[in-house]
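*Asks:* Below are the sequence and a predicted model for it; my questions follow.
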Amino acid sequence: MKRFNIILSLGLLVLFLSSCATQKSKEDPSKVAKFYQDVTSKYNGYFNANELLLASIETLNEQHQDNYNKILSVYKYNAADNPKAVASDLDKAIKKVAVVASLHPASHWKDDCYLLMGKAQFVKKDFESAEETLEYMVDEYDPKYANKKRKKVKTKKSKKQRKKATAAKKKKKA
């Protein structure tokens, strides 16, 4: 019994000390939080929105009748006569990926959500919104500029660390 109490208290002490952090910002989630956000983003909102988009495209493809007296379109869903028939499903898909992008900011699926949102707006023939969404995605997630953003964040952190170090040195001298 005594040995069990010692093991239990040591286990609780280890859990307590491992959960303590000197300073944690919301912008830098842990690996567990990133994993959770990735899994819930992919398999909840993104997956369901993608299924809605694919079903809508399939419905539009079935509605389209080829007219061989005119030039045939490459994508049947783009030449469909009535895209409003699937507008409600596309609105649901847009809403789902918008929720995923806002609720899971540290997810690796955020850029895919914006791409899917732009596709859904394009299929819905809401071209202005689709253009804005896709331009935002390109501006925000372009690999050329992502490295520059990371470098800026690192330099800001190092400046903060330098300020803390100089403040600590001043306290030691005083």
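*Replies:* All right, it came through fine. Numbers count the residues shown, from 1 in each chain.

*Asks:* what about Ala120, how many residues close to it?
*Replies:* Counted with other C-beta atoms under 10 Å, residues neighbouring Ala120 total 30. Heads up, the C-betas are built off the backbone N, CA and C, glycines and all.

*Asks:* Just to check, it is in contact with Ala49?
*Replies:* Yes: in terms of C-beta atoms under 8 Å, Ala120 counts as a neighbour of Ala49; the distance is 7.3 Å.

*Asks:* intersection of neighbour lists for these two?
*Replies:* A shared contact of Ala120 and Ala49, defined by C-beta atoms under 8 Å, 6 or more residues apart in numbering, is any residue touching both; here these are Ala93, Ile94, Val97.

*Asks:* Same list (those residues) but as TSV, adding pLDDT and distance to Ala55.
*Replies:* What follows is the shared contacts of Ala120 and Ala49, written out as TSV (pLDDT from 0 to 100; distance: C-beta to C-beta, whole Å):
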residue	pLDDT	distance to Ala55
Ala93	95	9
Ile94	95	14
Val97	93	15
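
*Asks:* Please flag which of those sit within helices.
*Replies:* With helices taken from DSSP state H, the overlap with those comprises Ala93, Ile94, Val97.

*Asks:* ok, the residues you listed vs Lys34, which is closest?
*Replies:* Minimum separation from Lys34 among those (C-beta to C-beta) is found for Val97, which lies at 18.9 Å.

*Asks:* can you tell me which residues contact that closest one?
*Replies:* Under the criterion of C-beta under 8 Å, 6+ apart, the neighbours of Val97 are Gly45, Tyr46, Ala49, Cys113, Tyr114, Leu116, Met117, Ala120.

*Asks:* ok, 7 Å please
*Replies:* With C-beta atoms under 7 Å, 6 or more residues apart in numbering as the criterion, the residues that contact Val97 are Gly45, Tyr46, Ala49, Cys113, Leu116, Met117.

*Asks:* and the gap between it and Tyr46?
*Replies:* Computed with C-beta to C-beta, to the nearest Å, the distance linking Val97 and Tyr46 is 6 Å.

*Asks:* joint contacts of those two?
*Replies:* With contacts defined as C-beta under 7 Å, 6+ apart, the residues shared by Val97 and Tyr46 are Cys113, Leu116.

*Asks:* circling back: Asp28: which of the ones in helices among the shared contacts of Ala120 and Ala49 is nearest?
*Replies:* For those, the residue nearest Asp28 by C-beta to C-beta is Val97; the value is 24.4 Å.

*Asks:* Appreciated, that's everything.
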